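Chemist: Pasting a predicted model and its sequence here:
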Amino acid sequence: MTTPIALNISTATIANIARSVAEKVGYEPGGDLREVVRKLGGTIVHENLWGGASTDSGSIEIKDGKFEIRLAIATGPLRDRFTIAHELGHYVLHYLYRRQVLNEQINELVAQRYGTSDAEREANQFAAAFLMPQEDYESVFKSCGGDHSALSRHFGVSRIASEFRAQALGLAKHG
């Protein structure tokens, strides 16, 4: 099985790809990610990933265009949403993009959610841009005075994910 290879593309390009995917599947911030996965031909399963040697919170296995996202049973819904979007990042960037744009012959791919590789960074950037699109995030950030609890509720992400997004977008840090 192939593991993800970074595309080494800009954060702005990743955000544009995330926006395009969101438009194609009809995703709105805070929306149902399970429906997005279904529309893209995937499934989500919960596993006891903590019971064995693995310490990750999720993974994706892609075979012949179909994919399965595996989530740990011990994580919460907000963490799961980011994990799902992260794994979708691997599917879109490191599988579909490589096949459809770069014309690479990839039939299978497996990604474990751990580490700090460039491919993991790209999947995180995709997840943040997909769940918290820049224009929407900046607008809500301004309207709620940078209240990360309000931002978390609006986008369906953890407070820490909102804080990281604000930092990445160069917005003032608020409590």
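Modeler: Received it, and whenever you're ready, just let me know what you need.
Chemist: tell me what the worst-scoring helix or strand of the chain on mean pLDDT is packed against?
Modeler: Counting by mean pLDDT, DSSP states H and E, the weakest-scoring helix or strand in the chain turns out to be strand 108-112, with a mean of 89. Counting contacts by 3 or more Cβ pairs under 8 Å, 6 or more residues apart in numbering; DSSP states H and E, strand 108-112 packs against strand 58-63. All C-beta atoms are positioned from the backbone trio N, CA, C, and that covers glycine.
Chemist: what comes into contact with the helix or strand that the strand it packs on is followed by?
Modeler: Beyond strand 58-63 in the direction of the C-terminus, DSSP states H and E gives the next helix or strand as strand 66-72. Contact partners of strand 66-72, identified using Cβ atoms under 8 Å, 6 or more residues apart in numbering, comprise 37, 40-50, 56-61, 80, 83-84, 87-88, 91, 95.
Chemist: same thing with stretch 137-157?
Modeler: Contacts with stretch 137-157, where a contact means Cβ under 8 Å, 6+ apart, come from 29-31, 78, 81-82, 131-132, 136, 158-159, 161-163, 165-166, 169, 171-175.
Chemist: Going by neighbour count, list what's buried in the least confident helix or strand of the chain.
Modeler: Taking 16 or more other Cβ atoms under 10 Å as the neighbour-count basis, strand 108-112 is seen to contain the buried residues 109, 111-112.
Chemist: Against G170, how distant is I9?
Modeler: In this structure, I9 lies at 20 Å from G170, with Cβ to Cβ, to the nearest Å as the measure.
Chemist: Show me which of the two is the more surrounded one.
Modeler: When I9 and G170 are compared for neighbours, I9 comes out ahead with 14 against 7, by other Cβ atoms under 10 Å.
Chemist: Give me the three-state assignment for that one.
Modeler: Following DSSP: H, G, I helix; E, B strand; the rest coil, I9 is assigned to coil.
Chemist: number of nearby residues for D80?
Modeler: For D80, using other Cβ under 10 Å, the count is 19.
Chemist: Tell me which helix or strand it sits in.
Modeler: Per DSSP H and E: D80 is located in helix 77-89.
Chemist: List of residues touching that helix?
Modeler: Contacts of helix 77-89 from elsewhere in the structure, counted by Cβ under 8 Å, 6+ apart, are 14, 18, 21, 33-34, 36-37, 40, 44, 57-60, 69, 71, 75, 111, 113, 122-128, 130-131, 152, 156-158, 161.
Chemist: mind listing which of these are in strands?
Modeler: With DSSP state E as the criterion, strands contain 44, 58-60, 69, 71, 111 from among these.
Chemist: Any chance of JSON lines for the residues you listed, columns distance to V101?
Modeler: Output for those, formatted as JSON lines (distance: Cβ to Cβ, whole Å):
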{"residue": "I44", "distance to V101": "26"}
{"residue": "G58", "distance to V101": "25"}
{"residue": "S59", "distance to V101": "24"}
{"residue": "I60", "distance to V101": "19"}
{"residue": "I69", "distance to V101": "22"}
{"residue": "L71", "distance to V101": "28"}
{"residue": "A111", "distance to V101": "19"}
